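pasting a predicted model and its sequence here:
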Amino acid sequence: MKSKISIIINYCTNDERFIRTSIDNALQVSDDIIVPISDHLYDGTPENIESIKKLAKEYPQINIQLYEWSNNHTPRYWHNMSRAIGVNFVKNNWVLFLDSDEIIDPELFNLFLDCTLGEYSSYKLACYWYFREPIYQSEQWEDSPVLVKKELIDIDVYNTVLEREQMFEALNVSKKRMVTWNEKPMIHHFSWVRTKEAMLKKVVSWGHKNDRNWVDLIEEEFKKPFSGTDFIHNYKYNVVENKFNI
């Protein structure tokens, strides 16, 4: 398969639950997958190098780039740095920026690539959003992933406001957001599909750790069964199938 796009998947082992499904589905739309990984989580905890070696052995066809972390910069700097490192290795003229908890629907995405790619220079792709369990799907869509022409990528690693959005919001080019295929999102975002312990581990090391008192919100959330709304956006949810057996 000669793919039209390269895919950069930001990854840390906090997201090990999702990474194999993310890679498996990405490989159905691209033969150029780059996975940048810091040798520490962004709170300074050393990464699980054995887990990363195991992943590399399972997927010799992808390009895993392990890089050195330091405590001299904010987590958002390192989010940007991961993507900037990944760009150095892409082979194609289009680049999709994913996080490892974002999973492609390959059937829909391939239809989009075959029929629509090139109408715009930058796309923000609509995604379904989930909370607590993979069966709780928000009624509200988001559009975090960015697909952009390689020639337009110029990542400012010090930009603490725009991360992936640098390749969309900051560009004065033809662009479109909340992009779907046949009015359906092509990406499923599982960022908050976690146990209590996994959520707590997530919020101490991610780029938004200082935005709110996440620990108290998580503690309160797990005192009761799922209420039908989340504490991040107050979205409402439908019950759906566990599409990817996560």
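Nice, I can see it.

from here on, just use CA atoms for contacts and neighbour counts.
OK.

OK, contacts around the residue nearest the centre of the chain?
Nearest to the mean C-alpha position of the chain, counting by C-alpha atoms, centre = their mean, stands Asp99 at 1.7 Å. Asp99 is in contact with Ile9, Asn10, Tyr11, Pro145, counting by C-alpha atoms under 8 Å, 6 or more residues apart in numbering.

cross these against strands and list the overlap.
Ile9, Asn10 (DSSP state E).

rebuild the contacts of Asp99 as TSV, extending it with neighbour count, pLDDT and distance to His189.
Output for the contacts of Asp99, formatted as TSV (neighbours: other C-alpha atoms under 10 Å; pLDDT from 0 to 100; distance: C-alpha to C-alpha, whole Å):
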residue	neighbour count	pLDDT	distance to His189
Ile9	26	98	13
Asn10	24	96	13
Tyr11	23	96	14
Pro145	22	97	9
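
burial check on Ser174, number of neighbours?
11 (other C-alpha atoms under 10 Å).

actually Asn238, not the one I typed
There are 12 residues near Asn238, going by other C-alpha under 10 Å.

gap between it and Ile103?
Relative to Ile103, Asn238 is positioned 19 Å away (C-alpha to C-alpha, to the nearest Å).

excluding sequence neighbours, find me the nearest residue to Ile19.
Using C-alpha to C-alpha, 6 or more residues apart in numbering and skipping the chain neighbours, the partner closest in space to Ile19 is Ser100 (5.3 Å).

against Thr229, how distant is that neighbour?
From Ser100 across to Thr229, the span is 24 Å (C-alpha to C-alpha).

I'd say Tyr123 and Arg177 touch.
Yes: proximity of Tyr123 to Arg177 meets the contact threshold set by C-alpha atoms under 8 Å, at 5.7 Å.

ok, what's across the strand from Ser6?
In this structure, Ser6 bridges to Val95 when assessed by DSSP bridges.

in the chain, which spans are strands?
Ranges of strands within the chain are 5-10, 33-38, 63-67, 94-99, 102-104, 122-125, 127-131, 133-138, 146-149, 175-179, 187-192, 237-239, based on DSSP E.

compare these and give me the one nearest Ala198.
Across the strands of the chain, Ala198 has its closest neighbour in strand 187-192 (9.2 Å, C-alpha to C-alpha).

got the angle between that closest one and strand 94-99?
Interaxial angle of strand 187-192 relative to strand 94-99 (axes from the mean of the first three to the mean of the last three C-alpha atoms, to 10 degrees): 30 degrees.
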